[in-house]
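In: my questions are about this predicted structure, shown below with the sequence.
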Amino acid sequence: MGHFITSKAAYLTLSLLLICFPWCYSNSAGQKEGHRKQPNFVFILTDDLDLTLGGAQASTLKRTRQLIASMGVTLTNWFAQTPVCCPSRAELLTGRMLHNIRKSSTDAIGCMSVDVSEDLTIPFYTEYYFARYFSDLLNYTVGVFGKHLNTKNTRDCPPGVDRWFVNGGGYYLNPSFYWASKGVDPTNVHFDNCTDYPCYSTSVIGNASIDWIRDHVSTSDAKPFFAYVSVKAPHLQDGPGFPKAIPAPWYESTSIPEEIAPRTPNYNLSCPDHHWLVRNQPILTNMQGEEVDKLYQSRLKSLLSVDDLVEGIIETLDELEILDDTYVIFTSDNGFRLGQFRMPEAKFHPYENDIRLPMMIRGPNIQHDSVNPVLGSHVDVMPTLLGLAANVVDDSIIPETMDGSNLAGELLQSNDSGSTPTVIDDSRKLEGTTPLQPSSLLVEYMSLGNVVRYQHLMDTFNHTFLALRVLNDTPLSNIKYVEFWDSRTDWEYRGEQALEAEFYDLDADPYEISNLIHQIPSAYKEALHKKMMRMFHCRGDDCRDESNKGVDEYMKES
């Protein structure tokens, strides 16, 4: 298990105990007998972990894939609804699309484009936040650990949360967190008293969440629990020049087989028919390319501690005899880039490396080593987990505040692999009829303004966009349609005239090299625009209805 709980990392658990807050306790815990009828959840969120560039398949996440993907399902068509940290996290935590949680204007206060503040009385927490539904409706105990939102985090527990141990990402080394628990005044916790090495954020977050799980399960009347565990890795440590991710000190000199960032067909490629931000990118110099490779290695090395965290959580659940009763989910908030289209790093864009995500799930009635191509995004996470918690596969379990779909029925269905579920619990009869699979999803991005990374302009105001990602539809089965506008002059986007547009046939062009916007029929383009704008204005049931409609239905209206 490396340095997560045993060996040199044991000092992290000890450091938690020495602080002596009311949440300090022994690592020993009684074992629960029998199986819960309601499942537990451990949701593990990484930061900027790519799928298309091999991050999720890295050698440094080998145990994670063995313990989650090989023992469960891999969802191969999972996307971020917004490819940047704070909005994507807010969408995940609320089940709402960005247009239903965004700020009123580009100058309004919030977290990036999200309408949120430290005030617990705002709708984000009182009406939308996931924990209140699990706690109040389904009798769960909820703990939130690690990176929450980038900014505007509340110091005290939001409604429905029992334990609050969060920051905005902060520092890898000697990190600080807000700590709060029901009935106890909130406080700030700073970790700088570790022996041998600086305290490391991923290990601190992992140990805090494991200790909370142990303590909760040891109580005689323990309710089912939901542990939301979010780490900074492999996000870089922000700073001037060419910042990198920071691996744990004990892994800094570890050799890994990956040395050079993937040279995909669109790496360092000029694309004159793309948005001007792409077509005007200068070529990556040799020096910049070398820095990208160093960033790539640092990102993968930072994942060694994530691998430790996953193994530590799985071993703890197994030791407590609740592994078979627990769904463990592993994903990322958004994707990443490493030189694609001459842009050295970051996300922010509508391309597959920015929006396509790893998603692995193991748990009751999930088949071993299975693959599911259902189309989904982070807006669907909480509706789906509510469905798994209540054993309901239709939309009746979805709160009216949520825009996402319940995909629980898709996860629990058999496939053609011949594999078997992790555990079969016949006492939990499924309720409801599985709804239609979504055939499209909306990607929304409100620009952060002028963002320069590694000496390249990565974002600017007229790079605000909507993208329609369509899969398993007619007349083309795997496409993307994008419209760009300027958020300074048209925050609401009336859709009257896009500044630029892009269209990709991803079956023929998976690296999105050829923009076909001027080659598609005008009627098809009009139908794509109409569908996209309806999704941009949808709420609740309307969002689910629109995601299930094929583009051909809109062509009939034209």
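Out: Thanks, I have the structure now.
In: how near is L516 to Q340?
Out: L516 sits 19 Å away from Q340, taking CB to CB, to the nearest Å as the criterion. Placement of C-beta: from N, CA and C, glycine included.
In: which one's more surrounded, the two?
Out: Counted by other CB atoms under 10 Å, L516 and Q340 do not tie: Q340 has more neighbours, with 28 against 15.
In: quick check: closest non-adjacent residue to that one.
Out: Closest residue to Q340 apart from its sequence neighbours, by CB to CB, 6 or more residues apart in numbering: N266 at 4.9 Å.
In: tally of neighbours for the closest residue to Y454 other than its chain neighbours?
Out: When the adjacent residues along the chain are set aside, Y454 lies closest to P344, with 3.8 Å between them (CB to CB, 6+ apart). When neighbours are defined as other CB under 10 Å, P344 has 24 of them.
In: surely P344 touches E291?
Out: Yes. Counting by CB atoms under 8 Å, a contact exists between P344 and E291, whose distance comes to 7.1 Å.
In: find residues that contact each of these two.
Out: A shared contact of P344 and E291, defined by CB atoms under 8 Å, 6 or more residues apart in numbering, is any residue touching both; here these are Y454.
In: any idea how far stretch 344-355 is from the chain center?
Out: Stretch 344-355 has its C-alpha centroid displaced from the chain centroid by 14 Å (CA atoms, centre = their mean, to the nearest Å).
In: same check, this time on stretch 90-97
Out: Using CA atoms, centre = their mean, the distance from the centre of stretch 90-97 to the centre of the chain it belongs to is 10 Å.
In: in that stretch, which residues are buried?
Out: Neighbour-count burial for stretch 90-97, with 16 or more other CB atoms under 10 Å as criterion, is recorded at 90-97.
In: make CSV out of these and add distance to I361.
Out: CSV is the format used below for the buried residues of stretch 90-97 (distance: CB to CB, whole Å):
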residue, distance to I361
A90, 22
E91, 18
L92, 14
L93, 18
T94, 20
G95, 17
R96, 22
M97, 22
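In: looking at these, spot the one nearest V161.
Out: Taking CB to CB as the measure, V161 lies nearest L93 of the buried residues of stretch 90-97, at 11.0 Å.
In: residues contacting the closest one?
Out: Contacts were defined as CB under 8 Å, 6+ apart; by that measure L93 touches 128-130, 382.
In: keep only those of those that are in helices.
Out: The helices in this structure, assigned by DSSP state H, contain 130, 382 from the contacts of L93.
In: can you redo the contacts of L93 as JSON lines with neighbour count, distance to D541 and pLDDT?
Out: Written out in JSON lines, the entries for these read as follows (neighbours: other CB atoms under 10 Å; distance: CB to CB, whole Å; pLDDT from 0 to 100):
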{"residue": "Y128", "neighbour count": "22", "distance to D541": "16", "pLDDT": "98"}
{"residue": "Y129", "neighbour count": "25", "distance to D541": "20", "pLDDT": "98"}
{"residue": "F130", "neighbour count": "26", "distance to D541": "19", "pLDDT": "98"}
{"residue": "M382", "neighbour count": "27", "distance to D541": "16", "pLDDT": "98"}
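In: now do the helices in the stretch 201-350 of the chain.
Out: All helices of the stretch 201-350 of the chain, identified by DSSP state H, counting those that start in this stretch, fall at 201-218, 276-279, 286-319.
In: wait, which of the ones you listed is closest to H235?
Out: Distances from H235 to each of the helices of the stretch 201-350 of the chain were compared using CB to CB; the shortest belongs to helix 286-319, at 8.3 Å.
In: I'd like the distance between the closest residue to E512 other than its chain neighbours and S105.
Out: Counting by CB to CB, 6+ apart, E512 lies nearest to Y504, which is 4.7 Å off, once chain neighbours are set aside. Noted for Y504: a distance of 31 Å to S105, by CB to CB.
In: show me where pLDDT drops low in the stretch 151-300 of the chain?
Out: 220 (pLDDT under 70).
In: need the contact list for V328.
Out: When the contact criterion is CB under 8 Å, 6+ apart, the partners of V328 are 41-42, 44, 67-68, 72, 310, 313-314, 317, 361-363.
In: below-threshold pLDDT in this structure: ranges please.
Out: Counting by pLDDT under 70, the chain contains low-confidence residues at 1-36, 220, 413-436, 474-475, 558.
In: surely R63 touches V306?
Out: No. In this structure R63 lies outside contact range of V306 using CB under 8 Å: 9.7 Å.
In: higher neighbour count, these two?
Out: Summary of the neighbour comparison: R63 and V306, criterion other CB under 10 Å, with V306 having more neighbours (26 against 17).
In: so who does the closest residue to Y351 other than its chain neighbours touch?
Out: Distance criterion CB to CB, 6+ apart; nearest residue to Y351, sequence neighbours excluded, is E512 at 5.3 Å. Contacts of E512 were listed using CB under 8 Å, 6+ apart, and they are 266, 351-352, 480, 504, 506.
In: SS state for the residue nearest to N167 when sequence neighbours are not counted?
Out: Distances taken as CB to CB, 6+ apart put F177 closest to N167, at 4.8 Å, once the chain neighbours are dropped. When classified by DSSP: H, G, I helix; E, B strand; the rest coil, F177 comes out as strand.
In: from here on, count from 47
Out: Will do, 47 is the new start, and the previous item becomes F223.
In: strands of the stretch 497-604 of the chain, start to end?
Out: 497-499, 502-505, 510-517, 524-531, 546-551 (DSSP state E, counting those that start in this stretch).
In: just to revisit the earlier point, tell me which two of the contacts of V374 sit farthest apart.
Out: The widest separation within those, taken as CB to CB, falls between F87 and L113 and amounts to 15.8 Å.
In: what about D364, neighbour count?
Out: A count of nearby residues for D364, using other CB under 10 Å, gives 13.
In: same question for K393.
Out: Around K393 sit 25 other residues, with neighbours defined as other CB under 10 Å.
In: how much space separates it from F530?
Out: Relative to F530, K393 is positioned 16 Å away (CB to CB).
In: ok, now D440?
Out: Using CB to CB, D440 is found at 37 Å from F530.
In: so which of these two has more stuff around it?
Out: A count of neighbours by other CB under 10 Å puts F530 above the other of D440 and F530, at 21 against 16.
In: contacts only, for the residue nearest to Q386.
Out: Listed by CB under 8 Å, 6+ apart, the contact partners of N312 are 386-387, 557-559.
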